[in-house]
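Student: With the input below, show me the fold.
(one chain, ligands or ions: 1)
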Amino acid sequence: MFDGEISELIEQLGKLPAVGPKSAQRIAFYVLQNPSFDPLPLAQSLETIREKVTFCEVCGMLATDTQCSVCMDPRRDDALLCVVEEAKDVWAIERAREYRGRYHVLGGALSPMDGVGPEQLRIGTLLSRVRAGGITEVIIATDPNLEGEATASYLSRALSDTCVSVTRLASGLPVGGDLEYADEVTLGRAFAGRRSL
Ligand SMILES: [Zn+2]
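Tutor: Predicted coordinates:
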């Protein structure tokens, strides 16, 4: 349908998540039809993130240093710790602007069928952080689906011998879905109305 180079570009773009064939074509035509569009900065930043971005040694979030920007921010509330599955969930919660505490990124959710047990997630480091003291509330913001709920109950049991209060985001989030797809208002409300586990 397209010449070699154009097909190649559309194919490469189409490998990205959330970019379907139509979006890939739209981007390819945009690049071709806009002589002012400079592809170099985009290509360079794609290469740079591969080289420079690593995981924060405290919370597991993406970082360009040993610690991420949230962990290094002295204005964040040390008493609150929000547990999420993935780094993209932190971005979703930050967009909602309701939460000002710290984070802990698990790296996924419990899923025995897929071979993901507690040892595969950053649960050990979470328990160490909580036991180190200073945290009064752990907010479990795993996805509102089967694996997310199973992970939330596992964590609630694992934290039961500590003196922190364990809370879960209020209902209202799309059930079965992914936290990152919730809009900011819904997410903000879910934070404000969180309940004890
Ligand atoms: Zn961090």
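
Student: pretty sure N145 is touching G177, no?
Tutor: Yes - the criterion here is CB atoms under 8 Å, and N145 meets it with G177 at 6.7 Å. Every residue, glycine included, has its C-beta placed from N, CA and C.

Student: the more surrounded of the two?
Tutor: For N145 versus G177, neighbours defined as other CB atoms under 10 Å are more numerous around N145 (17 against 13).

Student: Which secondary structure elements does the lowest-mean-pLDDT helix or strand in the chain sit against?
Tutor: Counting by mean pLDDT, DSSP states H and E, the chain has its least confident helix or strand at helix 184-192, which shows a mean of 86. Counting contacts by 3 or more CB pairs under 8 Å, 6 or more residues apart in numbering; DSSP states H and E, helix 184-192 is packed against helix 87-96.

Student: after the helix it packs on, next one along is what?
Tutor: strand 101-105 (DSSP states H and E).

Student: gap between that following strand and the chain center?
Tutor: 10 Å (CA atoms, centre = their mean, to the nearest Å).

Student: Direction included, what does it pair up with?
Tutor: Paired with strand 101-105 in the same sheet, following DSSP bridges, are strand 77-84 (parallel).

Student: relative orientation of the strand it pairs with and helix 184-192 in degrees?
Tutor: 120 degrees (axes from the mean of the first three to the mean of the last three CA atoms, to 10 degrees).
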